[in-house]
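Visitor: have a look at this prediction, sequence included:
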Amino acid sequence: MDTKARILLVEDDYNLGAITKKRLEESGYEVTHCSDGDIAWKQFQKSLFDICLLDVVMPKKNGFELAKQIRQKNDLIPILFLTSKSEDEDKISGFKHGADDYVTKPFSMQELLLRIEVFLKRTRPLNADKRATFTVGKTTFDYGELKLTDKNGKLKATLTQKEADLLKFFCENANKTLKREEILYHVWGKDDYFLGRSMDVFITKIRKHFSDDKDVKLETLHGIGFKFYVSTL
């Protein structure tokens, strides 16, 4: 890393937070550790971060509330939830509140570091020149900027990173039949039931973005997967 990426780590378990902070710093990151959502929100407003790692269950302000506030202020920063195995429904709620991914506790530092690296490669300014732009019907999709604009250049929507990753995969495979598990492996890195449900949330969002364009259709192929029909790409 040429400059240290800045991580906002929000974890109310002091020992877990301290250990995670230490390991991340040893890996070359600059880490701010907050023990509750209120403190984290104040810190987020006065500092610049490249990625957020949020616990779900916290005092004063939970991870969902914090993620919602962060998303209102910054549409682009990656948000990863740290969630326990007993909080499977929280994973779905997390995606609905703007999360890009989650890591299940107890997690390995290797897994966490890999997830962080994947998101930072996509979002840090040093990689901003590696963009991909697609014309999807009447809409221009700029993957690097995570934006959808109409033919006049007017902003239609700003996407979360995971939403953009999914749309990019559909664009790269337009007019092809894609199996559910194939999409999950390519975009999320693995196939499981709860990731599948979160994917459905993102697919609903993508359909809404193109609902006014008859040249674009994201069709569900029951028992198989999806097909992204685009007449202009």
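Guide: Arrived safely.

Visitor: number of residues surrounding residue 219?
Guide: 12 (other CB atoms under 10 Å). Yep, even glycine has a C-beta here, placed from its N, CA and C like the rest.

Visitor: just give me the longest helix of this protein.
Guide: Ordering each helix of the chain by length in residues (DSSP state H) puts helix 193-209 first.

Visitor: immediately after that helix, which helix or strand?
Guide: strand 216-221 (DSSP states H and E).

Visitor: in that next one, what counts as buried?
Guide: Residues 216, 218 are the ones in strand 216-221 that count as buried (16 or more other CB atoms under 10 Å).

Visitor: now the helices for the protein?
Guide: Counting by DSSP H, the helices of the chain are 14-26, 37-46, 63-73, 88-96, 109-123, 161-172, 180-187, 193-209.

Visitor: re the thing from before, contacts for the longest helix of the chain next, please.
Guide: Contact with helix 193-209 is made by 88, 91-92, 95-96, 139, 148, 156-157, 162-163, 166-167, 170, 180, 183-184, 187-188, 218, 226, as judged by CB atoms under 8 Å, 6 or more residues apart in numbering.

Visitor: give me the buried entries from those residues.
Guide: Of the contacts of helix 193-209, these count as buried by 16+ other CB under 10 Å: 91-92, 95, 139, 148, 157, 162-163, 166-167, 170, 180, 183-184, 187-188, 218, 226.

Visitor: for stretch 55-67, measure first residue to last.
Guide: Using CA to CA, to the nearest Å, the gap from the first to the last residue of stretch 55-67 comes to 10 Å.

Visitor: before we move on, what about stretch 207-225?
Guide: End residues of stretch 207-225 are separated by 15 Å (CA to CA).

Visitor: again with stretch 214-227
Guide: Using CA to CA, the two ends of stretch 214-227 sit 15 Å apart.

Visitor: need the contact partners of that stretch.
Guide: By CB under 8 Å, 6+ apart, stretch 214-227 touches 136-139, 170, 175-183, 203, 206-207, 210, 228-232.

Visitor: ok, of these, which come out buried?
Guide: By 16+ other CB under 10 Å, those give 136-139, 170, 178, 180, 182-183, 203, 206, 210, 228, 230 as buried.

Visitor: got those as TSV, with pLDDT and distance to residue 194 columns?
Guide: TSV is the format used below for these (pLDDT from 0 to 100; distance: CB to CB, whole Å):
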residue	pLDDT	distance to residue 194
136	94	28
137	93	31
138	93	34
139	95	30
170	93	21
178	92	20
180	89	13
182	83	18
183	88	15
203	95	15
206	96	19
210	96	26
228	96	23
230	93	29
